[in-house]
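Visitor: for reference, the sequence and a predicted model appear below.
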Amino acid sequence: MPFLEIQKKTNYALVTIKRPEALNALNAELITEIGEAVKTLESDPSIRAFILTGEGKAFVAGADIAKMKEYGEPEGNKFSELGQTVFRKLELSPLVSIAAINGFSLGGGLELALACDIRYAVPSAKLGLPEVSLGLIPGFGGSQRLPRLIGVGRASELIFSGDMITAEEGYRLGIINKIFAPEELIAESEKLISTIISRGPLAIKAAKSAIRQGLEATLDKGMDWEKQLFGGLFANTESKEGLGAFLEKRKPNFGG
């Protein structure tokens, strides 16, 4: 893949966006590659999670503005649909995803990070949805995911102003989970993945499904889905191993 590097580890992968000369700006080719990378990782039964980061001083500094300047309405619709489709597949993937935000995460870059399950960042990271300053709005799901994450008022302020915020402000608002020094960002992301991988694989998939699907349902429907997932886990040996290990005061062996 010209714009992505995938390094497969034991049970996870490190995916690096490699378009530093353009601050890793998203064009159609790069977005398509992200979708292909998620599909490739999902097809590998040994992979349970992945870290997504950028090369250079940006995570993703936005979309390719020079290319978008040529768009008319049909091209704009098509580009938005591509980004929404790929980011939605990432969001609903059974794999756990961590956005390791190593620098600028603006526009489509922040929208990409919002589609991930967890967001870690370096202190110098800058976040924002500046599309209105270009006469546009977020087109890859940002207007939908950000209000769900931090509330309508705070999301509206960021989207309407188009202002950039610091990683610290992003942490305060709840966009960023934790902040780490640049040399610790990937290691801390891997540390969290190690913890996640030590848990029951089917339980992690069920938990992600409960969270993601529940966000789009009424509370009653979300709890019904949680009940079905919870009950279904008793039908496999994974829960028997986990419960037995607890009673026997030992670490569980969940295998694959």
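Guide: Ah, there it is. Numbering: from 1, shown residues only.

Visitor: counting neighbours, what do you get for Arg19?
Guide: Counted with other Cβ atoms under 10 Å, the neighbours of Arg19 add up to 22. C-betas here are computed from N, CA, C, even on glycine.

Visitor: now the phi/psi pair for it, please.
Guide: The phi and psi values for Arg19, taken as degrees, to the nearest 10, are phi -140, psi 50.

Visitor: need the contact list for the closest residue to it other than its chain neighbours.
Guide: Excluding its sequence neighbours, the residue lying closest to Arg19 (Cβ to Cβ, 6 or more residues apart in numbering) is Phe3, at 5.1 Å. Contact analysis of Phe3 by Cβ atoms under 8 Å, 6 or more residues apart in numbering lists Ile17, Lys18, Arg19, Glu29, Leu30, Glu33.

Visitor: residues contacting Arg199?
Guide: The contact partners of Arg199, taken as Cβ under 8 Å, 6+ apart, are Phe254.

Visitor: next, work out how far apart it and Ile193 are.
Guide: Separation of Arg199 from Ile193 (Cβ to Cβ, to the nearest Å): 11 Å.

Visitor: wasn't Phe50 part of a strand?
Guide: Yes. Counting by DSSP: H, G, I helix; E, B strand; the rest coil, Phe50 falls inside a strand.

Visitor: quick one: the strands in the protein, in order.
Guide: 4-8, 12-17, 49-54, 58-60, 96-101, 104-106, 118-121, 126-128, 165-166, 178-179 (DSSP state E).

Visitor: pipe those strands into a markdown table and attach mean pLDDT and distance to Gly232 per row.
Guide: Listed next are these as a markdown table, based on pLDDT from 0 to 100; distance: least, Cβ to Cβ, whole Å:
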| stretch | mean pLDDT | distance to Gly232 |
| --- | --- | --- |
| strand 4-8 | 97 | 30 |
| strand 12-17 | 98 | 25 |
| strand 49-54 | 98 | 22 |
| strand 58-60 | 97 | 36 |
| strand 96-101 | 98 | 19 |
| strand 104-106 | 97 | 36 |
| strand 118-121 | 98 | 25 |
| strand 126-128 | 98 | 37 |
| strand 165-166 | 98 | 41 |
| strand 178-179 | 98 | 32 |
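
Visitor: in CSV: those, plus mean neighbour count and distance to Leu215.
Guide: Formatted as CSV, the strands of the chain follow (neighbours: other Cβ atoms under 10 Å; distance: least, Cβ to Cβ, whole Å):
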stretch, mean neighbour count, distance to Leu215
strand 4-8, 14, 28
strand 12-17, 22, 24
strand 49-54, 25, 20
strand 58-60, 28, 23
strand 96-101, 26, 16
strand 104-106, 27, 21
strand 118-121, 25, 15
strand 126-128, 23, 21
strand 165-166, 18, 23
strand 178-179, 17, 21
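
Visitor: is it true that Ile159 touches Ser143?
Guide: Yes. If you go by Cβ atoms under 8 Å, Ile159 and Ser143 touch, sitting 6.3 Å apart.

Visitor: of the contacts of Phe3, closest to Ile150?
Guide: Closest approach between the contacts of Phe3 and Ile150, by Cβ to Cβ: Ile17, at 24.4 Å.

Visitor: now do the contacts for that closest one.
Guide: Taking Cβ under 8 Å, 6+ apart, one finds Phe3, Leu4, Asn24, Leu30, Ile34, Leu52, Thr53, Gly54, Glu55, Phe59, Val60 in contact with Ile17.
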